[in-house]
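J.: after the sequence you'll find the predicted model.
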Amino acid sequence: MSSTPNPDAPDLVRAVNRISSTYFMRSLRLMVEFHGGELLRALIHFAIFTANIAHLDQGNGPVRYVGLNSPPPDEERRPISILAISDGMGLPFETVRRHVNKLLAEGQCVRVKGGVIVPKAVVESDRAKKLGRVNLTYVQKMTRDLRRIGFETN
């Protein structure tokens, strides 16, 4: 595209909001589906997963662990404490602790020194890979829709 869209144009703002909100809701539905309809548990699980691997995506080195078939090993995941999850999400400690205990019992997380992680085995499960592939189609659709309204997404 030869010119950058005006980010203050009301029509553009509404279109971007609609497209990004649609993607968000579709992704959220997938996470909730993965957790048997439990929205808060899905969000806490996602917060743990994101915290575990955030340091790997700092943009200052080679890209590693890209794709559904190459998740980082457990020893490269940084654990997060229940208190940190609670503080980061603005939720009561006991609420987070209760949901984390359920995730532990279900095998969706494991306790390690320093907190909890979502283990590689969970990310590599057929169910998680299937949902990942569906989410990829949602990302591709969002990218196409953003390009259609004038954004370059490369």
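T.: Cool, the structure landed. Worth saying up front: this structure is predicted, and the values here are computed from it rather than measured. Residues are numbered from 1 along each chain as shown.
J.: so what does the host helix or strand of N52 touch, helix or strand wise?
T.: Using DSSP states H and E, N52 sits within helix 39-53. Counting contacts by 3 or more C-beta pairs under 8 Å, 6 or more residues apart in numbering; DSSP states H and E, the secondary-structure elements packed against helix 39-53 are helix 10-34, helix 82-89, helix 93-106, strand 115-117. In this view, the C-beta of every residue, glycine as well, is placed from N, C-alpha and C.
J.: residue closest to the middle of the chain?
T.: Taking C-alpha atoms, centre = their mean as the criterion, F46 is the residue nearest the geometric centre of the chain, at 5.4 Å.
J.: contacts only, for that residue.
T.: Counting by C-beta atoms under 8 Å, 6 or more residues apart in numbering, F46 makes contact with M31.
J.: how about 10 Å then?
T.: Residues in contact with F46, defined by C-beta atoms under 10 Å, 6 or more residues apart in numbering, are 27-28, 31, 34-35, 118.
J.: nearest approach to H55 belongs to which of the helices and strands packed on helix 39-53?
T.: With C-beta to C-beta as the criterion, H55 lies closest to strand 115-117 of the helices and strands packed on helix 39-53, at 12.5 Å.
J.: now do the closest one, average pLDDT.
T.: With pLDDT averaged residue by residue, strand 115-117 scores 98.
J.: could you point out which element follows that strand?
T.: Using DSSP H and E, the helix or strand that directly follows strand 115-117 along the chain is helix 120-123.
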